[in-house]
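any chance you can model this:
(4 chains)
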Protein chains: 2
Amino acid sequence: MGKTSITIKEIARQLGISKSTVSRALRDSSEISGATKERVIELARKLNYSPNPIALSLLKNQTHTIGIIVPDIDNPFFSTAISGVEDVAYSRGYHVMIYQSHESYEREMADVRHIADRRADGLIVSVASRSLHHQHFADLQEGGIPIVFFDRASNEVQTHKVLVDDYTSSFAGTEHLIEQGCRKIAHVSGPMSLAISRNRCNGYRDALRKHKLPQRDEWVLEAEYNQAGGTERAYQLMALRERPDGIFAASDRIAIGVHWALRQLGYRMPDDVALLGFSDLGVSSLLDPPLSSIAQPSFEMGRQSAELLLELIENKSTPVTYETRVLKTHLQVRGSSLKINAPVVQASAEIPEESYPS
Amino acid sequence: MGKTSITIKEIARQLGISKSTVSRALRDSSEISGATKERVIELARKLNYSPNPIALSLLKNQTHTIGIIVPDIDNPFFSTAISGVEDVAYSRGYHVMIYQSHESYEREMADVRHIADRRADGLIVSVASRSLHHQHFADLQEGGIPIVFFDRASNEVQTHKVLVDDYTSSFAGTEHLIEQGCRKIAHVSGPMSLAISRNRCNGYRDALRKHKLPQRDEWVLEAEYNQAGGTERAYQLMALRERPDGIFAASDRIAIGVHWALRQLGYRMPDDVALLGFSDLGVSSLLDPPLSSIAQPSFEMGRQSAELLLELIENKSTPVTYETRVLKTHLQVRGSSLKINAPVVQASAEIPEESYPS
DNA sequence: CTGAAAGCGCTTACAG
DNA sequence: CTGAAAGCGCTTACAG
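Okay, here's the model as predicted:
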């Protein structure tokens, strides 16, 4: 038993030549005679030789491996982004190691530590909501391992970032609710420790301000980015003396929790309360009524993050200036916010394509 | 720039002792004096030394890495199973490399090749639906890399397997539909290339036989395990002259497609058509009506697969006999199949816990 | 108790 | 055109 992979030494032995020659022949070096090359290559194929990548890594101090840390792998936003990362990584000969922080500071630091220990060539990360500091990222970068942030970035660390325009999209989303006739609009935000949460919240606030609508502290509630958070906050909101007639949730997972609570409580969407989410997960369109949402190009965010990272990895010198790419979102209007008798804005009445994942 | 991790050699240089001594001190060898140990350990900590795992791997011919191949990472059944695998792997010092086959034979072979090339210590896999042969798994095993199958296993390869009792659960699920008063029950199966699909289908057929209900070829349709497949098949079924009044879908993803189609077509569940899925994904309970389903312990399946694999990895000798673990499912009855005026079987009328993922 | 040497699988100057 | 040697970072018999 035991993995007894065949080595260059074995090929050399069988052919009665030196390891150096075998190595060169395999790499198709110009200084080896055609005849020798042929013999080596044929035997290598016959023995099913594959070079030991571990030995190569030791030699080159390069692992051809990149790490990615996301809060949660079963959030479709992240799993799709991962697929985008894999798409470019694999095509360029890199492997992807996936880590989950589960929103925990400790776990995230352990993940970073693991990535450093394993000598990954680089890291793509979307920061955990409970990360208190980002020194661990700075340290990693200091140690020569480049980082790219996507979605949830750190302000403390200078590097490439791939984001969407959270502020503008939230502003536009809130305006959509206003156009549907909502006048008392609440917001269930994500944890304020994250810039995306603050930006989304500010977009909401500024839209209300622009339209001179009332702003109340009780209408802005913070939650973790998950369903339970949404459900809990919806119960709180609807129990208020001054109930909202529209809710903008900072993510679809939160929105799904709100949706569930509203249905439990007997409210009709969009007539009693209009609801809007953020990210446009595949499941959102399956709800009844289907959820309106601000769609993010998650796959493309993953792709671009990987491209930027490989650039950092393969150009040894630190770039003079780092890039922040801001990708486009679009408002996907569905039944949860589209009121029949309101002026139609961007209605997509047809069957949403997302209902047919391949 | 560049990762200039500090090495054992550097510590030796600074302390004016040999590499051997440093190495031994770090591993707390009994043959090193306490004083030396202390000096070494202190300097190591100060320099933030961490041993190069690549060098260790080369030495031990062990990578402390296991691969896992699943059809699709954003299927919650698989992502949860992966979390189960990670749970035990990390606690035992192993890292997990995740691969997606996307149900493709070629991709799966490439993944296996990659795992072999990377010298992973073992593989956990749920086979792709379009895998024609399983020789690539046999070859890997032959090469000394142990394998454990979960959910979708290969009959061609002898090794540990972690499954659920697809036949019995499907039998019971079908009986549940019968108890609800369904008399014309259709089945949307998964690809017949997979044993799980065949077993689920047989469970369905035998339940009908036992209750002497009609079986019609047009009522058994094959689909890929995804939503689009379910939608398509539902349109076909409901177009039949002899329409079914109950549908058992071989997976929740298929069931979600069926659910969507039935609503589009104006059917009411469960009265016109009762619907039952398989796996009990988190989203299933969010649909309206919520989906009844046969719940699988996916996290636990992942955990046990990892345990069995580590056993194979760490006991060099091939075991005399391989183990097949069959885990318990349970029928989760919800609105899509529970008829008010039918005899209540295992109704769980309370709010399903799955509605509150953390 | 400590060091010099060999070796894990490979590549690449350096000699011929 | 081919080989012997050194070296990537580590461990571990083998000597002292």
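
report all helices and strands that the helix or strand harbouring A:Leu140 contacts.
Under the criterion of DSSP states H and E, A:Leu140 resides in helix A:135-142. When contacts are defined as 3 or more Cβ pairs under 8 Å, 6 or more residues apart in numbering or on different chains; DSSP states H and E, helix A:135-142 packs onto helix A:105-117, strand A:122-125, strand A:147-150. From N, CA and C alone the C-beta is placed, and that goes for glycine too.

those: which one's closest to B:Glu38?
Of all the helices and strands packed on helix A:135-142, it is helix A:105-117 that lies closest to B:Glu38, at 23.5 Å by Cβ to Cβ.

is the closest one anywhere near chain B?
Yes: on the criterion Cβ under 8 Å from any Cβ of the partner chain, helix A:105-117 is in touch with chain B at A:114, A:116-117.

just the CA coordinates for the helix holding A:Leu140, please, in PDB.
The C-alpha trace of helix A:135-142 is given here as PDB (Å, rounded to 0.1, in the frame of the first residue of the first chain):
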ATOM      1  CA  GLN A 135      -4.400  43.700  11.900                       C
ATOM      2  CA  HIS A 136      -4.300  40.100  11.000                       C
ATOM      3  CA  PHE A 137      -4.800  41.100   7.300                       C
ATOM      4  CA  ALA A 138      -2.200  43.800   7.500                       C
ATOM      5  CA  ASP A 139       0.300  41.300   9.000                       C
ATOM      6  CA  LEU A 140      -0.300  38.800   6.300                       C
ATOM      7  CA  GLN A 141       0.200  41.400   3.600                       C
ATOM      8  CA  GLU A 142       3.400  42.600   5.500                       C
END
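
relative to helix A:105-117, how tilted is that helix?
10 degrees (axes from the mean of the first three to the mean of the last three Cα atoms, to 10 degrees).

so what touches helix A:135-142?
A:108-109, A:112-113, A:115-116, A:123, A:125, A:147, A:154, A:156-157, A:159 (Cβ atoms under 8 Å, 6 or more residues apart in numbering or on different chains).

of those residues, keep whichever come out buried.
Among the contacts of helix A:135-142, those scoring as buried are A:108-109, A:112, A:115-116, A:123, A:125, A:147, A:154, A:157, A:159 (criterion: 16 or more other Cβ atoms under 10 Å in any protein chain shown).

what's the closest of these to A:Ser279?
A:Val125 (18.0 Å).

now do the SS call for A:Tyr267.
Under DSSP: H, G, I helix; E, B strand; the rest coil, A:Tyr267 falls in the coil class.

contacting residues around it?
A:Tyr267 is in contact with A:238, A:273, counting by Cβ under 8 Å, 6+ apart.

okay, it and DNA strand D: tell me how far apart.
Distance of A:Tyr267 to DNA strand D, given as Cβ to the nearest atom of the strand, to the nearest Å: 61 Å.

same check on A:Leu310?
23 Å.

that older thread, tell me the two of the buried ones among the contacts of helix A:135-142 that are most distant?
For the buried ones among the contacts of helix A:135-142, the maximum inter-member distance is 17.9 Å, found between A:Met109 and A:Thr159 (Cβ to Cβ).

let me have the helices and strands packed on helix A:135-142 in JSON lines, extended by distance to DNA strand D.
As requested, those are exported to JSON lines (distance: least, Cβ to the nearest atom of the strand, whole Å):
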{"stretch": "helix A:105-117", "distance to DNA strand D": "10"}
{"stretch": "strand A:122-125", "distance to DNA strand D": "19"}
{"stretch": "strand A:147-150", "distance to DNA strand D": "22"}
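
got phi/psi on A:Tyr235?
The phi/psi pair for A:Tyr235 (degrees, to the nearest 10) reads phi -60, psi -40.

so who does it touch?
Taking Cβ under 8 Å, 6+ apart, we find A:Tyr235 in contact with A:261, A:265.

what does the stretch 1-150 of chain A put close to DNA strand C?
Within the stretch 1-150 of chain A, the positions adjacent to DNA strand C are A:5, A:7-9, A:19-20, A:23-24, A:26-27, A:51-52, A:55-56, A:58-59 by Cβ under 7 Å from any atom of the strand.

helices along the stretch 101-250 of chain A, start to end?
In the stretch 101-250 of chain A, the helices defined using DSSP state H, counting those that start in this stretch lie at A:105-117, A:135-142, A:166-179, A:195-210, A:227-239.

columns mean pLDDT on top of the ones you listed, output as a markdown table?
Below are the helices of the stretch 101-250 of chain A laid out as a markdown table (pLDDT from 0 to 100):
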| stretch | mean pLDDT |
| --- | --- |
| helix A:105-117 | 91 |
| helix A:135-142 | 94 |
| helix A:166-179 | 97 |
| helix A:195-210 | 97 |
| helix A:227-239 | 96 |
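
ok, the nearest residue to A:Asp206 once chain neighbours are set aside - contacts?
In space, A:Asp206 comes closest to A:Phe171 once its chain neighbours are excluded; the distance is 5.8 Å by Cβ to Cβ, 6 or more residues apart in numbering or on different chains. Counting by Cβ under 8 Å, 6+ apart, A:Phe171 makes contact with A:203-204, A:206-207.

same question, A:Ser18
Listed by Cβ under 8 Å, 6+ apart, the contact partners of A:Ser18 are A:Ala12.

before we move on, the earlier item: looking at the contacts of helix A:135-142, which one is closest to B:Met238?
Scanning the contacts of helix A:135-142 for proximity to B:Met238, where the rule is Cβ to Cβ, the winner is A:Val125, at 47.0 Å.

so the closest one touches A:Pro146, yeah?
No: A:Val125 is beyond contact range of A:Pro146, at 11.3 Å (criterion: Cβ atoms under 8 Å).

among the contacts of A:Phe171, which two are most distant?
Across the contacts of A:Phe171, the longest distance by Cβ to Cβ is 7.4 Å; it joins A:Tyr204 and A:Asp206.

between those two, who's got more neighbours?
Using other Cβ atoms under 10 Å in any protein chain shown, the more surrounded residue of A:Tyr204 and A:Asp206 is A:Tyr204, with 27 against 16.

identify the residues contacting the more buried one.
By Cβ under 8 Å, 6+ apart, the residues touching A:Tyr204 are A:170-171, A:173-174, A:185, A:187, A:220, A:248.

and if you look at A:Ile145?
A:115-116, A:120-123, B:3.

show the pLDDT at A:Ser355.
The per-residue pLDDT reported for A:Ser355 equals 35.

state the distance from the residue nearest to A:Leu291 when sequence neighbours are not counted to A:Ile313.
Nearest residue to A:Leu291, sequence neighbours excluded (Cβ to Cβ, 6+ apart): A:Ser284, at 4.0 Å. For A:Ser284, the distance to A:Ile313 (Cβ to Cβ, to the nearest Å) stands at 35 Å.

now swap in A:Gly203 and tell me
34 Å.

which of the two has more residues huddled nearby?
The residue with more neighbours, out of A:Gly203 and A:Ile313, is A:Gly203; 23 against 18, by other Cβ under 10 Å.

so which residue of the stretch 251-358 of chain A comes closest to chain B?
With Cβ to the nearest Cβ as the measure, A:Asp288 is the residue of the stretch 251-358 of chain A nearest to chain B, at 4.0 Å.
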